[in-house]
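> Model the following, please.
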Amino acid sequence: MTPLLKTTALTVDYDPDSRMLQARGAISMLVQPALNKINQRLAEEKPALVREGDIVASTWLPPIPSGPFKRLILSEAKIAIGRYVPQTVSIEVTRKCGCSCHHCLIKEGEGELTADEIKRVVDEALDLGASIITFTEGDPLLKEEIFDIIRSVDPRRAVVNLFTPGLEMTPEKARALKEAGLYNILIGIYSTDPAVHDEIRGVPGSFEKAVAAMKMALEAGLLVTVSTHVKGDRVSEIFEIYDLAADLGVHEFSIWEGIPRSPVEELTQIDRETIIRFYKKINQNPGGPRVFASTYFEGEMLGCMAGRRWIHVGVDGGVRPCPYIDEVVGDVRERPLKDIWRDLRRSGEFDAFRSDCPAQSRGYAP
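Numbering: from 1, shown residues only. All right, here's what the predicted structure looks like:
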């Protein structure tokens, strides 16, 4: 057994052979339930990657063992006594993007956080206990200082994910991202039909560029995730997108529930059951990428993380419980993130466990 965490009140051991985590000590009962969920996933599901010295259970989690994973465990101890921690903090870094997606809500706005402001927000997020920092919107690769911003995240405290449509990727940028310390890059695919994907992105050739970007990222040694947002009229496409992800050799296929804009786009209970069956089937079979599904992870496993384990910082500094909820609860240009998080938690709005996405039930997106 390898001691993963050791304090006066808590020791967590990790057995790399059996892939089991075990807590000992005065407050072990607080974290063992969370460890049991991780143990179950490690026992029943394939990991995204096994490397010498650690295991990546999912690209959405820090590797085991690591400093960020140790912080994740400590935050679970706090959550167990009602002191919720924003384990994941996502930050929109720029409005710039080569795409013209019809669902984009930020491209036509004004103003964005400076690199120094983003670094300050990251530091405040780490002080709050965050162990996963995600940079997103519109295309972070168009933020001139993005490599410096990534380097500013202490790798002993958090891993860094980055969303991009892939239009701006070059082999040089892929290597620079790796050298800067990027943990995982997520590239969106809406359909395996290039014409459909290009129509959604609003850019001819965007499908081919996204595929090429994944290949460049893999060549540079990055973890690579294919990401998609699924709606009720396109659930069947997850099978074809997974096959593409497998052909490319990426590490994970990430399925998120898209926000419906009409009744036909609403996910039904049957749709969600289809996603969960697919998630379990793929992850219980060796070979091919792992599957992440918010329908499962934020459904029956942990419940909705908005305002509980997740907080989102908009490109203009407005803070929301997650990227899918429009309600702004504060502004990091006016107040420290810790004060915004404190007030969000005191509101009581996000106290209850929810197995559904609250954004799905707040009317149709514009």
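> Quick check, central residue of this protein?
Geometric centre of the chain, nearest residue: Trp60, 5.0 Å, by CA atoms, centre = their mean.
> Contacts only, for that one.
88, 132, 161, 252, 254, 292, 297 (CB atoms under 8 Å, 6 or more residues apart in numbering). C-beta coordinates here come from the backbone N, C-alpha and C atoms, glycine included.
> repeat that with 7 Å
Listed by CB atoms under 7 Å, 6 or more residues apart in numbering, the contact partners of Trp60 are Phe292.
> Helix, strand or coil: sort out it for me.
Three-state call for Trp60 (DSSP: H, G, I helix; E, B strand; the rest coil): coil.
> Kindly report the same for Asp13.
Following three-state DSSP, the label given to Asp13 is strand.
> Same check on Pro286?
Going by three-state DSSP: Pro286 is coil.
> correct me, but it touches Pro47?
No. Counting by CB atoms under 7 Å, Pro47 is not a contact partner of Pro286; they are 10.7 Å apart.
> Please say which of those two ends up with more neighbours.
Pro47 (21 against 6; other CB atoms under 10 Å).
> pLDDT score assigned to the more buried one?
The score at Pro47 is 96. That number is its pLDDT.
> I'd say Cys101 and Gly202 touch.
Yes. At 5.9 Å, Cys101 counts as touching Gly202 under the criterion of CB under 7 Å.
> With neighbour numbers in mind, choose between those two.
Remark: of Cys101 and Gly202, Cys101 carries more neighbours, 18 against 14, as counted by other CB under 10 Å.
> so who does the more buried one touch?
Cys101 sits next to 200-202 when contact means CB under 7 Å, 6+ apart.
> In a strand, it, correct?
No. Per three-state DSSP, Cys101 lies outside any strand segment and is coil.
> Which positions in the helix ranked longest in the chain come out as buried?
As assigned by DSSP state H, the longest helix anywhere in the chain is helix 28-44. Residues 28, 30-32, 34-35, 38-39, 41-42 are the ones in helix 28-44 that count as buried (16 or more other CB atoms under 10 Å).
> could you give the angle of that helix to strand 11-15?
Interaxial angle of helix 28-44 relative to strand 11-15 (axes from the mean of the first three to the mean of the last three CA atoms, to 10 degrees): 10 degrees.
> list the buried ones in the helix or strand following helix 28-44?
Sequence-wise, the next helix or strand downstream of helix 28-44 (DSSP states H and E) is strand 49-51. By 16+ other CB under 10 Å, the buried positions in strand 49-51 come out as Leu49.
> now what about the longest strand belonging to the chain, what contacts it?
Counting residues, the longest strand found in the chain (DSSP state E) is strand 223-230. By CB under 7 Å, 6+ apart, the list of residues contacting strand 223-230 from outside reads 49, 56, 59, 183-190, 214, 217-218, 238, 241, 245, 250-258.
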